[in-house]
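[1] I would like the atomic coordinates for the input below:
(chains A and B)
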Amino acid sequence: MTTAVSEGTPVAAPRPRMSRPALVLLVLSVLAVISVVAFMTVGAKGSWSFVIPFRGRKLLGLILVAYSVAVSTVMFQTATNNRILTPSIMGFDQLYVLLQTSLVFFFGIGSLVSLDPTIHFTLEVVVMVGFASLLFSWLFVWQERSLHLLVLVGIVFGIMFRSLILFMQRIMDPNAFNVLQDTFFASFSRIDTQHMLFAYVITGIVTVFIIRMLPVFDVLNLGRANAINLGVNYRRSITTMLAMISVLVAISAALVGPVTFFGLLVASLAHSLVGTSRHRYVLPAAALLAIICLVGGQTILERVFEFDTALSIIIEFLGGIVFIVLVLRRMAR
Amino acid sequence: MRLLLLAIVATIVLAIVSLFVGVTDISLSGLLSSGPEDRQMQVLLISRIPRTLSLVLAGASMAIAGLVMQIVVRNRFVEPGTVGTTESALFGFLVVTLVAPGWPIMGKMLVAAAFALGGTFLFLRIIRAIPPREVLLVPLVGIMLSGIIGAVTTFFAYRFGLLPSLLAWELGDFSGVLRGRYELLWIGLACTVLAYWAADRFTVAGMGEDFTTNLGLGYNQVLTLGLVIVAVSSAVVLVSVGIIPFLGLVVPNVVSLLVGDNMRRTVPWVAVSGAGFVLACDILGRVIRAPYEIPIGVVVGVIGSFIFLYLLLRQKREAA
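    Numbers count the residues shown, from 1 in each chain, chains lettered A, B, ... in the order given. Modelled structure (predicted):
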């Protein structure tokens, strides 16, 4: 990550043809490719016919998580017109885990195994969109008055969801608990690769929608009043965005479990590296940064230091610091 | 005054209920007819009485710690768990367990308390930049700081293979309390008494540094006394039973809704309600899925965050 900063900031003045955002994207792409190659090759022993599918599945999972966390965070920040809020800080990930837990709690372990994953997933996304809309209707009333209240409410919701999850897990039958336990802790080394194809298809569909809506995102960045003035159907765009965000959050939470600060970390970095708020640059930059962080970080930790699940801990640590700095700096203004 | 008596009576009733709830049936007649060596009497003496006592002590001292914190920091939404004190104590406990596993529990507790004090000072240092009117920013930064310290703790625990122990320490649970394993909590009672004795000083210190100095009190001494009380209470409760989330936040706030803010008056209220709240939650955790138990950290986590949300949203409506 630090290399990205040092190579990205001195914008290549001698070559005026390449704009700064494009240059940043180029550098990030190169770094992302390097991390991917390193992830696939470093420390590989034994036959390639085993290594490539084995690591490849993990890699596909990591990339999908990186992409969905980064994109959903940037979109959420655009929708709320705010650089501090992220879906996971507002308790979205925990909500997803809570939904999973309640499903098993009320309908038994069979519901998780037997129910068609498509229906299952759709149901969960619908509930999450409902919750998101609820939070959002508060947002407009309160954001003007107190952003801090909103964040605090989101965090406390997150804690409440987590306590409810623990509570249900304590009451439910131990077999069901075992099945669920894996979804509860964030871990990048034990990615659930079962429904990968399904997740990729869904993400692809969402991405098509995102590309079509890119100009709308840019207008939304100007604020609600301006966006409406410029002819954006505000309510409909926001609702669409929330639906897409919920889908992406559900995907990442299903694959690795809740990670609170990862999105904030990459979105803030992307904004400050790219130097523009146009989404066609910010979104890919955030996604690439996320891939570098996850894939590169996992490579370094797993192969060089032989720490296994520590990446999520380090991300929480750095993300927490970024959050405090952002909040204090915002206030100093 | 009469209301306070009522609250005390209610808490005593809860304490008596707590003595008789559990896997082994204990009845009054059974106790009266049995000798000191019988099973019922033994369960009562070794498990139930220590458990009930520790519930009362931990509840009262954590609630008081929250109250002291709120007055000293001049913010309603702080408590040891939302400013990094508890997480720092946990970090200290982990460090001392790694470095000197053979130390007596008292020594470990003192190290945890020292870390807790350090963490709290760090928090105060950070929030010095925040103007007092930013009421909600203070707990927000505090929760984040707790998260950061927690991440460091988790990292070391993970590195040295202590992650399962860490999870066990974190989750407040009274089911392991037996005679001989809870006595440290009496230190919490000492802290509560100390807080009562110094109540007026804290109220004055809450008015600000200049005001305190004008009245001839050493602001820093009062502040330090308050923080030591908070740190020691948090460390004692953490080491004996684990984290009881939001207790120090919820109880003083609800009390202040009922009886106002004069600390000399509220200290007994907060202590009694804290004990009562913890007793009720623990009994609930024992009854819901008998004969299994739900740890109190989970029960209070659910109820406490509900009340915290209510307090946050209520405060907004009033301000609007």
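
[2] and the residue in chain B positioned nearest to chain A, which helix or strand is it part of?
    Chain B approaches chain A most closely through B:G301 (3.1 Å), counting by Cβ to the nearest Cβ. For glycine as for every other residue, the C-beta is placed from the backbone atoms N, C-alpha and C. Assessed by DSSP states H and E, B:G301 sits inside helix B:296-319.

[3] what comes up buried for that helix?
    B:296-309, B:311-312, B:315-316 (16 or more other Cβ atoms under 10 Å in any protein chain shown).

[4] helices or strands up against that helix?
    Other elements packing on helix B:296-319 under the criterion 3 or more Cβ pairs under 8 Å, 6 or more residues apart in numbering or on different chains; DSSP states H and E are helix A:147-171, helix B:247-259, helix B:263-288.

[5] just the angle between the helix of greatest length in chain A and helix A:147-171, please?
    When chain A is parsed with DSSP state H, its longest helix is helix A:48-80. Going by axes from the mean of the first three to the mean of the last three Cα atoms, to 10 degrees, helix A:48-80 is angled at 140 degrees with respect to helix A:147-171.

[6] rewinding a little: any idea which of the helices and strands packed on helix B:296-319 has the lowest pLDDT on average?
    Mean pLDDT is lowest for helix A:147-171 among the helices and strands packed on helix B:296-319, at a mean of 80.

[7] close to chain B, is that one?
    Yes. Shown here: helix A:147-171 in contact with chain B (Cβ under 8 Å from any Cβ of the partner chain) through A:148-149, A:151-153, A:155-157, A:159-160, A:162-164, A:166-167, A:170-171.

[8] who does that helix touch, helix- and strand-wise?
    Short answer (3+ Cβ pairs under 8 Å, 6+ apart): helix A:147-171 packs on helix A:92-107, helix A:117-142, helix A:174-184, helix B:137-159, helix B:296-319.

[9] so for the closest residue to B:A58 other than its chain neighbours, what's the pLDDT?
    Closest residue to B:A58 apart from its sequence neighbours, by Cβ to Cβ, 6 or more residues apart in numbering or on different chains: B:V237 at 4.9 Å. Predicted confidence (pLDDT) for B:V237: 89.

[10] next, the buried residues of the helix or strand that contains B:V237.
    When elements are assigned from DSSP H and E, B:V237 belongs to helix B:219-240. Neighbour-count burial for helix B:219-240, with 16+ other Cβ under 10 Å as criterion, is recorded at B:219, B:222-223, B:225-240.

[11] report the inter-axis angle for that helix versus helix B:247-259.
    120 degrees.

[12] could you say what helices and strands helix B:219-240 packs with?
    Against helix B:219-240 (3+ Cβ pairs under 8 Å, 6+ apart) you get helix B:49-73, helix B:80-83, helix B:85-99, helix B:105-127, helix B:186-197, helix B:199-205, helix B:209-214.

[13] list the buried residues of the helix or strand that B:V9 is a member of.
    Here B:V9, judged by DSSP H and E, is contained in helix B:2-20. Within helix B:2-20, the residues that count as buried by 16+ other Cβ under 10 Å are B:7-8, B:11, B:14-15, B:18-20.

[14] can you redo the residues you listed as JSON lines with distance to chain A and pLDDT?
    Shown next, in JSON lines, are the buried residues of helix B:2-20 (distance: Cβ to the nearest Cβ, whole Å; pLDDT from 0 to 100):
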{"residue": "B:A7", "distance to chain A": "26", "pLDDT": "86"}
{"residue": "B:I8", "distance to chain A": "29", "pLDDT": "89"}
{"residue": "B:T11", "distance to chain A": "24", "pLDDT": "89"}
{"residue": "B:L14", "distance to chain A": "21", "pLDDT": "88"}
{"residue": "B:A15", "distance to chain A": "24", "pLDDT": "86"}
{"residue": "B:S18", "distance to chain A": "20", "pLDDT": "83"}
{"residue": "B:L19", "distance to chain A": "24", "pLDDT": "82"}
{"residue": "B:F20", "distance to chain A": "23", "pLDDT": "81"}
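
[15] show me the contacts for residue 49.
    Let's take chain A. Going by Cβ atoms under 8 Å, 6 or more residues apart in numbering or on different chains, A:S49 touches no other residue.

[16] if you could check chain B rather than the one you did, that'd help
    B:19, B:179.

[17] do B:L184 as well
    Contacts of B:L184 by Cβ under 8 Å, 6+ apart are B:105-106, B:109, B:236, B:239-240.

[18] spatially nearest residue to the residue in the stretch 51-200 of chain A that chain B sits nearest to, not counting backbone neighbours?
    At 3.1 Å from chain B, A:S163 is the closest residue in the stretch 51-200 of chain A, using Cβ to the nearest Cβ. Nearest residue to A:S163, sequence neighbours excluded (Cβ to Cβ, 6+ apart): B:G301, at 3.1 Å.

[19] surely the one you found and A:L166 touch.
    Yes. Under the criterion of Cβ atoms under 8 Å, B:G301 makes contact with A:L166 at 6.9 Å.

[20] helix or strand with the lowest mean pLDDT in the chain?
    Since you didn't name a chain, this refers to chain A. None of the helices or strands of chain A scores lower by mean pLDDT, DSSP states H and E than helix A:2-8, at a mean of 42.

[21] oops, I was thinking of chain B
    Ranking every helix and strand in chain B by mean pLDDT, DSSP H and E puts helix B:28-33 at the bottom, with a mean of 70.

[22] now B:I243. Its backbone dihedrals?
    Main-chain torsions, B:I243, degrees, to the nearest 10: phi -90, psi 130.

[23] any weak-confidence spans in the stretch 151-300 of chain A?
    A:174-195 (pLDDT under 70).

[24] what parts of it come near chain B?
    Listed as neighbours of chain B in the stretch 151-300 of chain A under the rule Cβ under 8 Å from any Cβ: A:151-153, A:155-157, A:159-160, A:162-164, A:166-167, A:170-171, A:260-261.

[25] okay, now the nearest residue to A:T207 once chain neighbours are set aside: neighbour count?
    Once flanking residues are discounted, A:T207 sits nearest to A:V71: 7.9 Å by Cβ to Cβ, 6+ apart. A:V71: 28 surrounding residues under other Cβ atoms under 10 Å in any protein chain shown.

[26] need the contact list for A:V71.
    A:207, A:210, A:248, A:283, A:286-287.

[27] of those - the most surrounded one?
    The residue in these with the most neighbours, by other Cβ under 10 Å, is A:A286 (32 neighbours).

[28] wait, doesn't that one sit right on A:A70?
    Yes. Here A:A286 reaches A:A70: they are 3.9 Å apart, a contact under Cβ under 8 Å.

[29] for these two, list the residues in contact with both.
    With Cβ under 8 Å, 6+ apart, A:A286 and A:A70 have common neighbours A:266-267, A:270.

[30] tabulate these (CSV), appending secondary structure.
    Formatted as CSV, the shared contacts of A:A286 and A:A70 follow (DSSP: H, G, I helix; E, B strand; the rest coil):
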residue, secondary structure
A:V266, helix
A:A267, helix
A:A270, helix
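
[31] so which of the residues you listed comes closest to B:F277?
    The closest of the shared contacts of A:A286 and A:A70 to B:F277 turns out to be A:A267 (Cβ to Cβ; 39.7 Å).
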